[in-house]
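Novice: quick check, what structure comes out for this input:
(one chain, ligands or ions: 1)
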Amino acid sequence: TTVIPGRTVLCKRKPATSTFYQEVVKGLSAPQKYLDSKYFYDAEGDRLFQQIMQCEEYYLTGCEMEILTSRSAEIAAALAQHASTFDVVELGAGDATKSIHLLRQLLSNGTDFTYFPIDISANVIGQLEQQLPVTLPNLRMKGLNGEYFDMLQQANTYSHKKKVVLFMGANIGNFNSTAAHDFCVELSDYLLPGDLLLTGFDLKKNPQVILRAYNDNAGITRAFNFNLLTRINLELGANFDIKKFEHYPTYDPGTGACKSYLISLEKQQVQIDDVCINFEADEPLYMEISQKYSLEETDQLALATGFQPVARFFDNKKWFVDTLWKR
Ligand code: AVJ
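Specialist: You can find the predicted model right below:
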């Protein structure tokens, strides 16, 4: 065990065996270099993302929070209208600070359900299992730690009721259009006719507003991107020099693709284990997409992947939408 000030890291002898290592090397060996944004979320990444959600520029969290605090009664009514009994499964539950409002509403309506929060972070699920029963003593819950579809499968073995799946926080934005389509198709394979899906989409809006949300003044989003390089250094023994990269956030109002890159400031080599990666000066490393949607595009996505759009819930500015789809 190597202890680096502020961070404890287990340096594995054979990083070559981990999926993390394989995916990183694959992305950095591609003609257009990329890293998968799902790897942003180590302990430090979780902390930085919490800070992003507090940023004045990052409007998404506030908008969806407004939807959940002010429209939970309507959402619960819509769920009841479309499903008589159900269990609730949440993909990427995190700390459940938004969904808790809906859960509370369902409990106060006397809805009989079990809540299955799914998260890739064991840490997050552990905390949730400690905290939620304190806040909502009447809640029946079972936390599931793992990949979305594996855990959805598990939830299906615990529960034979109709499912209401929550996929909030605009997490779907981290897929490009093709990947979002494939994800919804696969999700629908794990569901049964009549199951419901509540998804959070960040909507297309003034491009400056969007770009600012991914380029905050305090530089937290920049740090969030750089943290993945640091994580690769710490966990995979790489030697990225983050001073030799620059954060480059972009938004294309035509396609709704908000992408962030790290740009290599000079010709350089980076060593990861026994692999050597060459960067040209000004070469981009693609870090993340946060796709923005129009309402029509959310409907098209539903219809193309075996769902029927049944309701929409907005914040007052209509910057964000939680869509309810029926399988
Ligand atoms: C957690 C995927 C919704 O894309 O807006 C925030 C992640 N990245 N700032 C997003 C993120 C940079 C966030 N999601």
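
Novice: going by C-alpha atoms from here, please, whenever you check contacts or count neighbours.
Specialist: Noted.

Novice: residue nearest the centroid of this protein?
Specialist: In the chain, the residue lying closest to the centroid (C-alpha atoms, centre = their mean) is Asn171, at 3.5 Å.

Novice: how many neighbours does the closest residue to that residue other than its chain neighbours have?
Specialist: Distances taken as C-alpha to C-alpha, 6 or more residues apart in numbering place Gly200 nearest to Asn171, at 7.4 Å, with adjacent residues excluded. A count of nearby residues for Gly200, using other C-alpha atoms under 10 Å, gives 24.

Novice: tell me the secondary structure of Gly200, please.
Specialist: strand (DSSP: H, G, I helix; E, B strand; the rest coil).

Novice: grab the nearest non-local neighbour of Gly27.
Specialist: Distance criterion C-alpha to C-alpha, 6+ apart; nearest residue to Gly27, sequence neighbours excluded, is Tyr34 at 4.8 Å.

Novice: shouldn't that neighbour be in contact with Tyr286?
Specialist: Yes - using C-alpha atoms under 8 Å, Tyr34 makes contact with Tyr286 at a distance of 4.4 Å.

Novice: can you point out the buried residues in the helix or strand containing His247?
Specialist: Assigning secondary structure by DSSP states H and E places His247 in strand 245-252. Buried residues in strand 245-252, defined by neighbour count with 16 or more other C-alpha atoms under 10 Å: 245-251.

Novice: okay, those residues in TSV with distance to Met141 and pLDDT next?
Specialist: Converted to TSV, the buried residues of strand 245-252 look like this (distance: C-alpha to C-alpha, whole Å; pLDDT from 0 to 100):
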residue	distance to Met141	pLDDT
Phe245	44	98
Glu246	43	98
His247	40	98
Tyr248	41	98
Pro249	39	98
Thr250	40	98
Tyr251	39	98
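
Novice: looking at the residues you listed, which is nearest the ligand?
Specialist: Pro249 (9.4 Å; C-alpha to the nearest ligand atom).

Novice: what's the neighbour count on the spatially closest residue to Asn278 that is not a sequence neighbour?
Specialist: Distances taken as C-alpha to C-alpha, 6+ apart put Gln269 closest to Asn278, at 4.6 Å, once the chain neighbours are dropped. Using other C-alpha under 10 Å, Gln269 has 14 other residues around it.

Novice: now do the contacts for Gln269.
Specialist: Contacts for Gln269 (C-alpha atoms under 8 Å, 6 or more residues apart in numbering) come out as 276-279.

Novice: most neighbours among those residues, please name it.
Specialist: Most surrounded of the contacts of Gln269: other C-alpha under 10 Å gives Phe279, at 19 neighbours.
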